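Undergrad: The following block contains a protein sequence and its predicted model.
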Amino acid sequence: MTAPVRRIRIPLLVAMMVAIVLVGPIAVVLWRTYGASAETSASALPVATTPASPSSPAPETTTQSSAAPAKTNSATGKTPGTFVGEWRVHGSSLTIKADLTGTAVWNAGLCSMTSNLMCSGHADLRFTADGEQLRGKYTAVRYLDQNDRKVPSFDPGADAVQVGDTMTLVAVNTDVLKQTDVSGGANPYLCGPRASQQWRTECNV
């Protein structure tokens, strides 16, 4: 009979040392081959940077016209309604229509020194609203005798109203107007039909 072959058992520690000896050089080669390449690739990656904040757009500049807005001569709630109607003061009357045209009539005295006929002045006016005031401009002036005939030769005097002259009216009480630019001591008040008796006395009507 053939003698049995004994199995030679290598201690575990020895086997590990042998494996380290055999694998070590291979690991070094692999590191030199691939590790350096990996480092090179890593360094080539772009560095992340915080994006710069976009610059704020310049605010839009709104150009405003330096010209003042045009004023509107619009009437208040009292105009022209407060002024429309017929107004009287001693010896004179003023009629204002809703379209802001008007007529004035006043006692002008004797037509001449040699006539017994009485003359009256007649004028046409155009009014414009100015806040709570009403401004009137004389657009025509004529004189008639008591028979409604024109008297071209009539001399009203240097202070008589002429075309282009103006008047300014304001409301001062119920159905009472005042002419603010009256001169020569004339009565500035004009009364409507609903004015109180006290005011009618003031207007001398």
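TA: Perfect, I can see it now.

Undergrad: need the contact list for M118.
TA: Contact partners of M118, counting by C-beta atoms under 8 Å, 6 or more residues apart in numbering, are N107, A108, G109, L110, C111, D145, Q146. For every residue, glycine as well, the C-beta is placed using N, CA and C.

Undergrad: Residue ranges in the chain under the pLDDT threshold?
TA: 1-80 (pLDDT under 70).

Undergrad: swap the cut-off to 50 and go again
TA: Scanning the chain for pLDDT under 50 picks out the ranges 1-6, 8, 18, 27-31, 33-77.

Undergrad: what ranges do the strands span in it?
TA: 85-89, 92-96, 101-110, 118-130, 133-145, 166-173, 176-179, 189-191 (DSSP state E).

Undergrad: Just say which of the ones you listed is most tucked in.
TA: Mean neighbour count (mean count of other C-beta atoms under 10 Å) peaks for strand 189-191 among the strands of the chain, with a mean of 24.

Undergrad: List the contacts of that strand.
TA: Defining contact as C-beta under 8 Å, 6+ apart, one finds that strand 189-191 is touched by 87-89, 94, 169, 172, 175-179, 199-200, 202-203, 205.

Undergrad: from those residues, which two are the most distant?
TA: Greatest spatial distance among those (C-beta to C-beta): L169 and R200, at 17.8 Å.

Undergrad: any chance of the strands of the chain in CSV, plus distance to D159?
TA: Listed next are the strands of the chain as CSV, based on distance: least, C-beta to C-beta, whole Å:
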stretch, distance to D159
strand 85-89, 17
strand 92-96, 15
strand 101-110, 12
strand 118-130, 12
strand 133-145, 13
strand 166-173, 14
strand 176-179, 15
strand 189-191, 19
